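>>> Sequence first, then the predicted structure, then my questions.
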Amino acid sequence: MERPSDRLDENTRLYNPYQDLQIPVHNLYRLPTSPEFLFQEEAAAQRRSWGENLQYYTGCGYLGGAAGGAAKGLFDGLRAAEEGDTLKLRVNRVLNASGQTGRKFGNRLGIVGLLFAGMESAMIAARDKDDILNSVFAGLGTGALFKAASGPRSAAVAGAIGGLAAGAAVAAKQAAKRYVPI
């Protein structure tokens, strides 16, 4: 007996991921043929959603911070070695220092990424524009908010550094898109 979902219409195409492997499995998936975006302007924007941005910036921040912290911990652990330490004790020192510093840096940069993603999405929603100023203001706010507990002077300096870093990163991305062939 044929089910209504078994019938094909003109907006569906079948896909078998195992067709080139000569495996007697017949898994057919229905793929849509209609465009992903309704309007051409939506397709031209190519912007991640706020949730994707949140995951991307937080994950990249944590991963980059953990890697940088682990490298710093490696050097700190090697420098902390004392005369007469066994190899086992030196390896233990290096692993402890790498893990501790990597965790600390990863958590801090993950929080910075989380704050930046939230502020950038809020700026896009508030201004109803998607341009370089959103990233610059988000970097400024992220730096200021991250260092707000250290006092107003530290918050102002961190905000300026964050705004400059975000502006430089967006400008470098635009230059790479324009001048680096892919």
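Received, thanks. Numbers count the residues shown, from 1 in each chain.

>>> pull the longest helix from this structure.
helix 87-127 (DSSP state H).

>>> Please name every helix or strand in contact with it.
Other helices and strands packing on helix 87-127, by 3 or more C-beta pairs under 8 Å, 6 or more residues apart in numbering; DSSP states H and E, are helix 50-79, helix 132-146. C-beta coordinates here come from the backbone N, C-alpha and C atoms, glycine included.

>>> ok, and which of these has the densest surroundings?
With neighbours defined as mean count of other C-beta atoms under 10 Å, those peak in mean count at helix 132-146, which reaches a mean of 21.

>>> now the angle from the helix or strand A166 falls within to helix 132-146?
Using DSSP states H and E, A166 falls within helix 152-179. For helix 152-179 against helix 132-146, the angle by axes from the mean of the first three to the mean of the last three C-alpha atoms, to 10 degrees is 150 degrees.

>>> what's the angle from helix 152-179 to helix 87-127?
Going by the same axes, to 10 degrees, helix 152-179 makes 80 degrees with helix 87-127.

>>> if we can go back for a sec, turn the helices and strands packed on helix 87-127 into CSV, including mean pLDDT.
Converted to CSV, these look like this (pLDDT from 0 to 100):
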stretch, mean pLDDT
helix 50-79, 93
helix 132-146, 94
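
>>> Show me how the protein divides into domains.
4-36, 131-174 (automatic domain parsing).

>>> So which bits of the helix holding A166 are buried?
A155, A158, G159, G162, G163, A165, A166, G167, V170 (16 or more other C-beta atoms under 10 Å).

>>> among the residues you listed, which two are most distant?
A155 and V170 (22.2 Å; C-beta to C-beta).

>>> What residues does the residue lying closest to S154 once chain neighbours are set aside make contact with?
Leaving out its chain neighbours, the residue that sits closest to S154 by C-beta to C-beta, 6 or more residues apart in numbering is K147, at 4.6 Å. Shown in contact with K147 (C-beta atoms under 8 Å, 6 or more residues apart in numbering): S154, A155, V157, A158, G159.
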